[in-house]
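Asks: I need the structure of the sequence given here:
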Amino acid sequence: MRHGRKVNHLGRQSAHRHAMLSNMAASLIKHKRITTTVAKAKALKKYIEPLLTKAKNDSTHSRRMVFSYLQDKDSVTELFREISQKIADRPGGYTRILRTGFRSGDGAEMCMIELVDYNDNYTQAKGAKKAKVKTTRRGRGKKSDSTEVKATETPAVVETETAETTEAPINEAKENETVEEEKTETKE
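Replies: Residues are numbered from 1 along each chain as shown. The predicted model follows:
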């Protein structure tokens, strides 16, 4: 039974578990995507999301706090320089877990954990789907108001177009007559 067991111990002692999560977090920051088991990915998500939130505030204190978790200067530098700027407007949910199937050796469920803002293929596919969907509202009250506005605007446009089209042939006819008169005068 797992009564009151809020942390997945992942079958390791606490020092081993913290070192493993620290290494996985540093790898995720460097490579933007890593492949691991679902249980480790869920534990990593709880471990790294608060660090990404702390990275939004670039101060000496927050850098030292993040370094105490990661123990890797390169990862901390990259986190505060590049990643924090990309996630600045995101209120949370910095990582995504994508399940990839089962491992052939022991049947463990595998997945990829990645930083959300760094997967261009996934965000472009979502954007393309959103672009195809019509954004029309089908409320009864709103529909009648919009048809009245369209009805008043449409005739005004049609009137100006007809006035221009009727004037254009008349002008062309006058030009043709003047050209013909000039030709007859030159011949005589």
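
Asks: and the chain, what are its domains?
Replies: The chain breaks down into these domains under automatic domain parsing: 14-121, 143-188.

Asks: Val7: which of these is closest?
Replies: The minimum distance between Val7 and these falls on domain 14-121, with 7.8 Å, by C-beta to C-beta. Bear in mind the C-beta positions are built from the backbone N, C-alpha and C, glycine included.

Asks: let me know the average pLDDT across the closest one.
Replies: Looking at domain 14-121 alone, the average pLDDT works out to 95.

Asks: how long is it end to end?
Replies: Distances were taken as C-alpha to C-alpha, to the nearest Å; on that basis the terminal residues of domain 14-121 are 37 Å apart.

Asks: now swap in stretch 6-18 and tell me
Replies: With C-alpha to C-alpha as the measure, stretch 6-18 spans 15 Å from end to end.

Asks: can you give me the end-to-end distance of stretch 100-114?
Replies: In stretch 100-114, first residue to last residue: 13 Å (C-alpha to C-alpha).

Asks: ok so, going back, so which of the domains of the chain is the most surrounded?
Replies: Sort those by mean neighbour count, taking mean count of other C-beta atoms under 10 Å, and domain 14-121 sits at the top with a mean of 15.

Asks: send me stretch 21-35 as PDB with only the CA atoms.
Replies: Provided in PDB are the C-alpha atoms of stretch 21-35 (Å, rounded to 0.1, in the frame of the first residue of the first chain):
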ATOM      1  CA  LEU A  21      17.000  13.800 -11.200                       C
ATOM      2  CA  SER A  22      19.700  16.500 -11.200                       C
ATOM      3  CA  ASN A  23      21.500  14.800 -14.100                       C
ATOM      4  CA  MET A  24      18.300  14.200 -16.000                       C
ATOM      5  CA  ALA A  25      17.300  17.900 -15.500                       C
ATOM      6  CA  ALA A  26      20.700  19.100 -16.800                       C
ATOM      7  CA  SER A  27      20.400  16.800 -19.800                       C
ATOM      8  CA  LEU A  28      16.900  18.100 -20.500                       C
ATOM      9  CA  ILE A  29      18.100  21.700 -20.400                       C
ATOM     10  CA  LYS A  30      21.000  21.000 -22.700                       C
ATOM     11  CA  HIS A  31      19.300  18.700 -25.200                       C
ATOM     12  CA  LYS A  32      15.700  20.000 -24.900                       C
ATOM     13  CA  ARG A  33      14.400  16.500 -25.200                       C
ATOM     14  CA  ILE A  34      15.300  13.200 -23.500                       C
ATOM     15  CA  THR A  35      14.000   9.600 -23.600                       C
END
